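Undergrad: Next one to model:
(2 chains)
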Protein chains: 2
Amino acid sequence: MTALNRKTGEKTSQSPLDRLQSLLESDMQAVNAMIVDRMDSPVPMIPQLAGYLIAAGGKRIRPLMTLACTAMYDGDRVRAHRLATAVEFIHTATLLHDDVVDDSDERRGQKSANEVFGNEASVLVGDFLFSRAFQLMVEDGNLHVLKVLSDAAAIIAQGEVLQLSIQGNLDTTMDQYLDVIKGKTAALFAAACEVGPLISHTDANAAKIACEYGMNLGIAFQIADDVLDYTSTSAKLGKEVGDDFREGKMTAPVIMALEKSNADEREFWKRTFADREQTDSDLVRATAIMNRHGTLQKGLEMARSYAQKAREALAEAPDSPFRACLDDLALYTVERES
Amino acid sequence: MTALNRKTGEKTSQSPLDRLQSLLESDMQAVNAMIVDRMDSPVPMIPQLAGYLIAAGGKRIRPLMTLACTAMYDGDRVRAHRLATAVEFIHTATLLHDDVVDDSDERRGQKSANEVFGNEASVLVGDFLFSRAFQLMVEDGNLHVLKVLSDAAAIIAQGEVLQLSIQGNLDTTMDQYLDVIKGKTAALFAAACEVGPLISHTDANAAKIACEYGMNLGIAFQIADDVLDYTSTSAKLGKEVGDDFREGKMTAPVIMALEKSNADEREFWKRTFADREQTDSDLVRATAIMNRHGTLQKGLEMARSYAQKAREALAEAPDSPFRACLDDLALYTVERES
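TA: Take a look at the predicted model:
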């Protein structure tokens, strides 16, 4: 997890996420304790399965964003812990369901939960965590917060269904792709940020800024993720490289490459994505075609432009160490290696 | 859908559900319109899949209970429509996920949604409907209502996970079975009823009564369902008889039969439930063993005693045609043929 220093361009050992973790150490400890406490149940399979995924780590980026966007406006930390936990539960629930949908066998460097506990348990424990997230929000008791997060949940599910509908469809447009990633990723980033100002004594414009920052950061994050799926290594990703390719996911670098492909290449995309007939060497060829058309690079540039939009939105927020970290996070999200 | 007249014992053509439907006709029309309206989405697969299941019918018993428990206290009908829709969406979402978990191929007399659209779509559209249910509750804007329904959602998921954990486990106790059905079925019945008084100008005791009625009715309903799974016919059920048997579900008549089984019969249960090795004639033998020990009959008696508890709770509610129907519904739920 190395990051680039934005001023010197040199590698630093501390990523903005690490720095946020340090700044918000006691808050994150409270959130981690609450996660463990609230995933408990008299039915042992629930904490076993949820704990298996949660203990495997993950970047905890979404709860950190809730905490940072609350701290930025000096908001209520105790409420922030509860909502950060709710946000992480929604995220965990979607991961559990995603792995069932994608038939994944690896996640966060270990066997995926559905591989270990079965698809059935993953679906139902996902439902449990999702319900638990709503219980946490109801405990918080703010209807505006509830609206932001329940709207996000619906948009996430809608984005996931859209992604499934266009799987392997070579006519997928960049607009459709953006709808998918706004739904499946950016909506929760946006909501995670927006609730921060909502539980702080600040004006409505602060919530708008935080939402815009989160939405654009989420889009940048997902485009970068979709590029990394072709350019990173399994060791860094904690899962196989090329998963999106094998699942026929229509992501930015593929869609842009398709637009520029010659007849031969189109035939290749048709076989591998539409007909889903793939051989071992196809991933290498797919990456070569995208490199030839420069679309992996172009994807990163696109991600960078969304990161820039996120930073511009954030510039309106009051200056603080939290804002500085969130600003760096926007860059980091594109330049990270995993 | 014939029912017994509670006074004469004769068959009447109108079940209490039919009568509730008539009494609440314009409300149910509003609810049906809202169901169609709110399952809509710019992603066509969502209304297609949700509509496939919802158009297939089903008894709409849960929204009817919300409407009746609101009408009984002369509560706000418009709010009742919204909450009845939310309740039906939660129910539909759990059906979609159940069918994935059980690998069902029939539901409501047609191919199950996961058979037609795939497990992936069923999981994700279930998530969408679940989120949409929360959006409807947030629109209603009452935190007490939100608490009742989000608590129910968590208890439902917990009950489903418990059911999965004890599948095929011959040591399952009746207490565990009751925990499962309280979760997977009765909690939503209870919540569907409880929200009625909560949106009416009445005292806290009314909500308690409605909750107790719904909880006991739900338990009675599920025990009767578990008996019908062995005693009804495919044509009446709209799905195969013996589904629970094939899935190794530990239900009341099986658990009670196990307690009385001799060595030979225990060997049979071990093979068919624990080892899940079944031949075509095993369902007939299972039913014969349960009949020999009278546990299908005993299951119905148990269901009747819960129905009686439901009626006793209801007796505290003010007299009205709605109360009369709900009272009859408690009997009907046990004596129905499908």
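
Undergrad: CA-only coordinates of the strand or helix carrying residue A:309 in PDB, if you can.
TA: In this assignment (DSSP states H and E), residue A:309 forms part of helix A:295-314. Extracted in PDB, the C-alpha atoms of helix A:295-314 (Å, rounded to 0.1, in the frame of the first residue of the first chain):
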ATOM      1  CA  THR A 295      -7.600   2.400 -23.300                       C
ATOM      2  CA  LEU A 296      -6.200   1.200 -20.000                       C
ATOM      3  CA  GLN A 297      -4.300   4.500 -19.900                       C
ATOM      4  CA  LYS A 298      -7.300   6.400 -21.000                       C
ATOM      5  CA  GLY A 299      -9.400   4.700 -18.300                       C
ATOM      6  CA  LEU A 300      -6.900   6.000 -15.700                       C
ATOM      7  CA  GLU A 301      -7.100   9.500 -17.200                       C
ATOM      8  CA  MET A 302     -10.900   9.300 -16.900                       C
ATOM      9  CA  ALA A 303     -10.500   8.300 -13.300                       C
ATOM     10  CA  ARG A 304      -8.200  11.200 -12.700                       C
ATOM     11  CA  SER A 305     -10.700  13.700 -14.100                       C
ATOM     12  CA  TYR A 306     -13.300  12.400 -11.700                       C
ATOM     13  CA  ALA A 307     -10.800  12.500  -8.800                       C
ATOM     14  CA  GLN A 308     -10.200  16.100  -9.900                       C
ATOM     15  CA  LYS A 309     -13.900  16.900  -9.700                       C
ATOM     16  CA  ALA A 310     -14.000  15.400  -6.200                       C
ATOM     17  CA  ARG A 311     -11.100  17.600  -5.200                       C
ATOM     18  CA  GLU A 312     -12.800  20.700  -6.600                       C
ATOM     19  CA  ALA A 313     -16.000  20.000  -4.600                       C
ATOM     20  CA  LEU A 314     -13.900  19.500  -1.500                       C
END
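
Undergrad: That one packs against which elements?
TA: The contact analysis (3 or more CB pairs under 8 Å, 6 or more residues apart in numbering or on different chains; DSSP states H and E) places helix A:295-314 against helix A:204-231, helix A:252-260, helix A:321-335. Using the backbone N, CA and C atoms, a C-beta is placed for each residue, glycine as well.

Undergrad: I'd like to know which of those helices lies nearest to chain B.
TA: helix A:204-231 (16.4 Å; CB to the nearest CB).

Undergrad: between that closest one and helix A:321-335, how many degrees?
TA: 30 degrees (axes from the mean of the first three to the mean of the last three CA atoms, to 10 degrees).

Undergrad: before we move on, the earlier item: kindly calculate the angle that the helix holding residue A:309 makes with helix A:204-231.
TA: Put simply, helix A:295-314 runs at 160 degrees to helix A:204-231, going by the same axes, to 10 degrees.

Undergrad: quick one, helix A:295-314 and helix A:252-260 angle?
TA: Relative orientation of helix A:295-314 versus helix A:252-260 (the same axes, to 10 degrees): 130 degrees.

Undergrad: Which residue is the nearest non-sequential neighbour of residue A:40?
TA: Take residue A:40 and drop its neighbours on the chain: the residue closest to it by CB to CB, 6 or more residues apart in numbering or on different chains is residue A:47, 5.3 Å away.

Undergrad: can you count the residues close to the one you found?
TA: Look at residue A:47: counted by other CB atoms under 10 Å in any protein chain shown, it has 17 neighbours.

Undergrad: ok, now which ones touch the residue in the stretch 201-338 of chain A that chain B sits nearest to?
TA: Closest approach between the stretch 201-338 of chain A and chain B, counting by CB to the nearest CB: residue A:247, at 10.5 Å. Residue A:247 sits next to A:102, A:167 when contact means CB atoms under 8 Å, 6 or more residues apart in numbering or on different chains.

Undergrad: Residue A:200: what secondary structure?
TA: coil (DSSP: H, G, I helix; E, B strand; the rest coil).

Undergrad: residues contacting it?
TA: So residue A:200 contacts A:70, A:73, A:74, A:75, A:76, A:206 (CB under 8 Å, 6+ apart).

Undergrad: In CSV, list these along with secondary structure.
TA: Formatted as CSV, the contacts of residue A:200 follow (three-state DSSP):
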residue, secondary structure
A:70, helix
A:73, coil
A:74, coil
A:75, coil
A:76, coil
A:206, helix
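
Undergrad: Quick one, which of these are buried?
TA: A:70, A:73, A:75, A:206 (16 or more other CB atoms under 10 Å in any protein chain shown).

Undergrad: Report how many residues lie close to residue A:215.
TA: Residues near residue A:215, counting by other CB under 10 Å: 23.

Undergrad: My error: substitute residue A:319 in the last question.
TA: If you count neighbours by other CB under 10 Å, residue A:319 ends up with 9.

Undergrad: ditto for residue A:56
TA: Neighbours of residue A:56 using other CB under 10 Å come to 15.
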